[in-house]
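Quick one: sequence plus predicted model below, questions after.
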Amino acid sequence: MLDFIYYPVSFIMWVWHQVFGFLLGDTSGIGWALSVVFLVFTLRLILYKPFVVQVRSMRKMQEMAPEMQKLRKKYANDRQKLATEMQKLQQQNGANPLMGCLPILVQIPVFIGLFHVLREFKPGKTENYFFDAAGNASFVESNFFGSKLGAAIWPLQNTSGVEEIGGNYVSQWIVMVPLMIMAGVFTHITARHSVARQQAQIAAGTAPANPQAEIMQKLMLYVFPIGVVVGAPFLPLAVLFYWVANNLWTLGQQWLVYKKIDAEESVKQEKAAESAKALAPRPGQKPVRRNGRSAAEEIREIADEPPSAEDVAAADAADASPKGSDGASAEGTATGTNGSSSSATNGNGSNGSGKKSSGGGTKKPGSKPVNRGAKSKRGKRR
């Protein structure tokens with residue numbers, strides 16, 4: 001049923017056994033153990049590129065977390081719209097949530113395939129997928145410091161026991177116990193390295209806190225390593241070599257890939273800082289006012305008429321002032337402009353109906369400043 005997994009796994013293991021069997025001997029237990037180890041290295045090397053894509057995709061998903069949270073609130077009652085907007089956001093940022101799980105999903109069938117191939121090495125079998133009768137006999141007869149790589153101390157169904165393939169329990173325990181401890185320790189170290197990065201990202205604010213993720217982190221740190229140690233006697237000894245090699249590769253790969261990606265992020269941040277610095281106004285440069293308009297342009301809009309020479313001079317003074325955008329200089333200039341225009345028209349600051357214009361040239365104590373967004377009454381009359 002799963003031959004499409006069993007045959008590739010057995011083929012890679014067969015290739016490496018040809019290499020180490022030539023160097024160390026066809027029935028060498030060390031050669032067979034190295035065949036399992038380099039089977040792991042070969043598969044992980046094939047999965048190196050997907051792992052890098054996984055890390056980058058996870059980074060992008062973390063950067064998108066605030067936007068995704070906004071979408072969840074906005075479309076809380078419309079699941080279909082939420083899914084559409086989420087997909088659109090991921091496409092715009094080049095993120096793919098499935099890539100975060102791909103390397104792990106691929107390793108699961110590989111482990112299943114190796115476990116199945118190892119337990120099929122039994123006395124008297126004429127073939128084991130890519131291995132012929134001679135290859136099967138070579139594995140059964142091999143010894144790794146007196147232990148049998150294909151035997152389990154407490155065998156499960158269809159798994160060979162120690163006595164079944166000519167081993168002894170003392171040698172099996174002597175070899176298995178150190179491997180059990182190494183498998184548990186390296187599993188814990190690998191998980192701790194990954195969890196430490198996640199916690200650092202949460203502390204830096206680049207990733208949101210997630211209670212479910214915290215539960216998974218505790219499982220990775222303690223439950224999984226204990227599970228490896230407890231389950232080791234039920235598995236063929238060669239599976240422990242697979243587990244130790246896989247965790248060592250993962251630890252080294254995480255260190256290398258994260259270091260590379262962190263360096264790339266640092267370069268991007270430095271370039272962004274240099275660009276922002278280059279676009280910043282120079283010392284003494286006239287600042288641009290609201291929406292790109294200078295104070296003089298705002299005054300013309302408020303007055304709704306061409307300013308006089310005095311108005312232009314006052315506007316230039318406001319532009320040179322630090323408060324020209326929002327402070328009192330621009331406001332006072334605007335007031336003076338409206339006041340002078342109204343007074344010049346009527347002579348007494350009135351608007352023709354006997355009412356005093358709101359833009360009078362003299363600002364009374366306690367009076368409110370002219371509203372910059374509104375036109376003068378003279379502008380409305382025109």
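Cool, the structure landed.

which parts of the helix or strand containing residue 172 are buried?
Element membership for residue 172 (DSSP states H and E) is helix 169-204. Going by neighbour count (16 or more other C-beta atoms under 10 Å), the buried part of helix 169-204 is 171-172, 175-176, 179-180, 182-184, 186-191, 194-195, 197-198, 202. C-beta here means a position set from N, CA and C on the backbone, and glycine is covered the same way.

just stretch 220-231 next, same as before
Neighbour counts using 16+ other C-beta under 10 Å place 220-221, 225, 228 of stretch 220-231 among the buried residues.

Closest one of those residues to residue 29?
For the buried residues of stretch 220-231, the residue nearest residue 29 by C-beta to C-beta is residue 228; the value is 22.0 Å.

That closest one and residue 180 touch, don't they?
Yes: with contact defined as C-beta atoms under 8 Å, residue 228 counts as touching residue 180 (7.4 Å).

separation between residue 45 and residue 214?
33 Å (C-beta to C-beta, to the nearest Å).

wait, which of the buried residues of stretch 220-231 is closest to residue 35?
Among the buried residues of stretch 220-231, residue 228 lies closest to residue 35 (C-beta to C-beta), at 21.4 Å.

Mind pulling the model confidence for the closest one?
For residue 228, the model assigns a pLDDT of 89.

Which helix or strand contains it?
Assignment of secondary structure by DSSP H and E places residue 228 within helix 224-231.

Past that helix, which element shows up next along the chain?
With elements assigned by DSSP H and E, the helix or strand that comes after helix 224-231 is helix 237-279.

now that following helix: mean pLDDT?
On average, helix 237-279 scores 86.

angle of that helix against helix 169-204?
Put simply, helix 237-279 runs at 20 degrees to helix 169-204, going by axes from the mean of the first three to the mean of the last three C-alpha atoms, to 10 degrees.

Packing partners of helix 237-279?
Helix 237-279 sits against helix 29-46, helix 48-63, helix 102-119, helix 169-204, with contacts defined as 3 or more C-beta pairs under 8 Å, 6 or more residues apart in numbering; DSSP states H and E.

roughly how far apart are residue 179 and residue 40?
Residue 179 is 14 Å from residue 40, by C-beta to C-beta.

Over to residue 25?
Distance, residue 25 to residue 40, by C-beta to C-beta: 22 Å.
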